[in-house]
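> Provided below are the primary sequence and the corresponding predicted coordinates.
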Amino acid sequence: MTTVADRRVSVWQGKINANVKVAGSGSPVVFLHGAGGLQWDGFLDSLAAHHTVYAPEHPGTTPGDPEAIHQLDNLWDLVLYHYDLLDALGLGTVPVIGHSFGGMMAAELAATNPARVSKLILLCPIGLWREDTPVLNWMIVTPASDMVKYLLYDPESPTAKAMFGTPDTEAVIKTVWSMACTGKFVWPIPDKGLKKRIHRIKSPTLVLWGKQDRLISSVYAQEFASRIPGSKVELFDQAGHLPFVEHPARVTSAIEQFLGN
Amino acid sequence: MYISAFNLMPHRDLPPDFENRYQSIWVTPRFHELLDAKRAGEYYNWTLDELIAAANAGADGICTNEHHQNAYGFMPSPNLMGSILARETQGMNCAIVQMGATLVAVQPPVRIAEEYAMLDCISGGRLVAGMPLGTSMDMNLCYGITPIEQRDRYREANELIVKSWTSREPFAWNGKYTQLPTVNLWPRPIQEPHPPIWIPGGGSTSTYAYAAERDYCYCFLSYFGYKSAEHSVKKYWEVCQQKGRDSNPYRLGFLQLIGVSETDAQAEKDYAKHVEYFYHKGLHVPGEWLGTPGYQDYQSMANSFRNPMIADAVNSLKKKRYKDLLNDRFVACGSPATVRDMLKELAGSLHVGNLMVLLQIGSMPHELALKNTDLFFREVAPALRPIWDDEWENRWWPAGLRKTSLRGANV
């Protein structure tokens, strides 16, 4: 069992007391979670086997501190806030892995200051928009129980049942507020200008996608790759929007290979 | 009690299987499949005629509201309707109650300050300035407002509008959502310091506190009737007390659906199908859309998941028939005597002074809406008017229209 510690760091003129989940040992790697909030799972455990994993909770999503989100007004604030956070954690240049909303953030960080991101790993990121293949509006999925169909390749699998089988009220509240806090920066269309900045990314980049992602089609893998010079793409068959949940070993192995372990 | 007639301007001819064929009445219903623009023109004119008929019958006020992409009510601009009503009721003792223009829908929000000032000038100082937050469907899903910012935007817009009405000198506005180099409103409202402000809402505790702090009238726009509102309204009066406000019943407005006919049996014959149409088709909206993540503040959102009263009420609507809806007092229908008794009970149990009555419901045809309006104001309203009058003044009403002797005098 990996021991996961909560590290609180005061940033943004002391107005945000950020919570960062930290585990493992070895070279550091940052993980930025998606719109539904941070879930420490087997995938992060396996990364922590070879690295010190830093997984910050998006402002407002830390239990007991929902109002922290009101300290950041816009995407520019949010990008700069993340550099504050890296500074406070003593991470000068570091590999960054981002999933979905966190993927967009990772790409923004790498585009804004390429010196801070040594390697960039994008797991089904949002941030670009194709008229012919719009990104699902995940904040208004109806009925809410359909969400599993958009997130997982096989909504009937034991993994799906374990994650979505019996919705717990407190877990629903946490997820909804996470969507509220992340949605602040991307509502109503998750296309906030990354396409104009993405050419600035200099980090070696790996784009990973579930081939059957029904939330953001895997056609977006090529959209990202074609704009980031030298980037590599790997698609996982029989995987949806959470490939690291459905195929943790394959995803971890691709990441470890890219990181050079 | 002050009584105003409300009208939602609904689609009156939705197909019988509407709720099975369409995902929602709001946001996504297909216009070209469901309505002809010429027919829509008839609806708008009927709505105007029905509100003017209410004014002629003695209504203290007539109300319009704002919704978007919504077949149960499509007045995207309540002020377009309000300006016609202001003109058509020139010289009458009838307030123009805008319930109202949604502050966050307009950028810069001084546009609403200007339009309301125009309405106050045109009407001769008869405007009630409703300032709704706006629903999640209207503002988040149709207008793209970021849900978690909506309340903050709303509050800033409210402050800007009030300052633009009251400041004698031009000023610069450095807001978070609006920056203006020179605010110097033309025209200014007739009513000093500004028209009465009403906050329409659906029972959120944070809005209760907001209205009480600023001494505005809170207007509970519920479709679920006075019985199911009791618990929530009790909380409103507690909040008023906590904020040091008196218990003047005119601090509260309430919307009630009403059908008056010659007898209880005739009321069922007249209104049952239109009432069921309204609740089964008119409120056909996915529950998830009522609160896009961030639309409610954290505490209200957590409360509504832990105690899903509203979601349960919405989900159970389609099972309710006329008799259930009447029994639960979602609607107050019956003979004049029956409706009088119900509304007296409403006034007492909610401690409400500003009553809004919805007399055209769902598919109700124009002629029947006129019959309902006539019977209500002739046979029911006179018995309700004296309630509260010897104790309290309606401070949230245009000053020129408050005289008891003038009220109901449009008849």
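Yep, it's here.
> Find the nearest non-adjacent residue to A:Gly26, please.
Once flanking residues are discounted, A:Gly26 sits nearest to A:His51: 4.6 Å by Cβ to Cβ, 6 or more residues apart in numbering or on different chains. (Each C-beta comes from the backbone N, C-alpha and C, glycine too.)
> Tell me the residues on chain A that lie near chain B, please.
With the criterion set to Cβ under 8 Å from any Cβ of the partner chain, chain A comes near chain B through A:66-67, A:69-70, A:73, A:139-144, A:169, A:172-173, A:176-177, A:179-181, A:183-184, A:187-189.
> Could you look up the SS state of the closest residue to chain A within chain B?
Here chain B gets closest to chain A at one residue, B:Gly294, 3.2 Å apart by Cβ to the nearest Cβ. Applying DSSP: H, G, I helix; E, B strand; the rest coil to B:Gly294 yields a three-state assignment of coil.
> In contact with B:Arg126, which residues?
By Cβ atoms under 8 Å, 6 or more residues apart in numbering or on different chains, the contact set of B:Arg126 is B:86, B:89, B:94-96, B:120, B:398, B:400-401.
> what helix or strand does B:Tyr218 sit in?
strand B:217-220 (DSSP states H and E).
> Now do that strand: distance to the chain's middle.
Offset of strand B:217-220 from its chain centre (Cα atoms, centre = their mean, to the nearest Å): 9 Å.
> Which residues does the helix or strand following that strand contact?
Of the helices and strands lying after strand B:217-220 in sequence (DSSP H and E), the nearest is helix B:225-242. Here helix B:225-242 makes contact (Cβ under 8 Å, 6+ apart) with B:203, B:205, B:208-209, B:212, B:218, B:220, B:222, B:246-247, B:251-252, B:254, B:256-257, B:313, B:328-332, B:345-346, B:349-352.
> Please report the distance of the nearest residue to A:Gly127 once chain neighbours are set aside from chain B.
Nearest non-adjacent residue to A:Gly127, counting by Cβ to Cβ, 6+ apart: A:Met104, 3.6 Å away. As judged by Cβ to the nearest Cβ, to the nearest Å, A:Met104 and chain B stand 16 Å apart.
> elements contacting the strand holding B:Tyr218?
Counting contacts by 3 or more Cβ pairs under 8 Å, 6 or more residues apart in numbering or on different chains; DSSP states H and E, strand B:217-220 is packed against strand B:197-201, helix B:205-214, helix B:225-242, strand B:252-260, strand B:354-358.
> Between those, which one is closest to A:Val96.
helix B:205-214 (37.0 Å; Cβ to Cβ).
> tell me, how many neighbours does the residue nearest to B:Glu379 when sequence neighbours are not counted end up with?
For B:Glu379, ignoring the flanking residues on the chain, the nearest one in space by Cβ to Cβ, 6+ apart is B:Pro336 at 3.5 Å. For B:Pro336, the neighbour count with other Cβ atoms under 10 Å in any protein chain shown is 19.
> So B:Pro336 sits against B:Leu375, correct?
Yes - the pair B:Pro336 / B:Leu375 is scored as a contact, 6.4 Å apart, by Cβ atoms under 8 Å.
> Touching both of those two, which residues are there?
B:Val260.
> Mind jotting down where the strands sit in chain A?
Per DSSP state E, chain A carries strands over the ranges A:4-11, A:16-23, A:27-32, A:51-56, A:94-99, A:117-123, A:205-210, A:232-236.
> Buried residues, the second one. List them.
What that stands for is strand A:16-23. Of the residues in strand A:16-23, those with enough neighbours to count as buried (16 or more other Cβ atoms under 10 Å in any protein chain shown) are A:16, A:18-23.
> show me what contacts A:Ser217?
Contacts of A:Ser217 were listed using Cβ under 8 Å, 6+ apart, and they are A:Thr133.
> What are the phi and psi values at it?
phi -60, psi 150 (degrees, to the nearest 10).
> Any figure for the gap between it and A:Lys196?
Noted for A:Ser217: a distance of 22 Å to A:Lys196, by Cβ to Cβ, to the nearest Å.
> residues near residue 226, how many?
Went with chain A since none was named. A:Ser226: 11 surrounding residues under other Cβ under 10 Å.
> actually chain B
Neighbour count of B:Tyr226, defined by other Cβ under 10 Å: 26.
> Disregarding residues adjacent in the polypeptide, which is nearest to it?
B:Leu346 is the one closest to B:Tyr226 (Cβ to Cβ, 6+ apart), at 4.1 Å.
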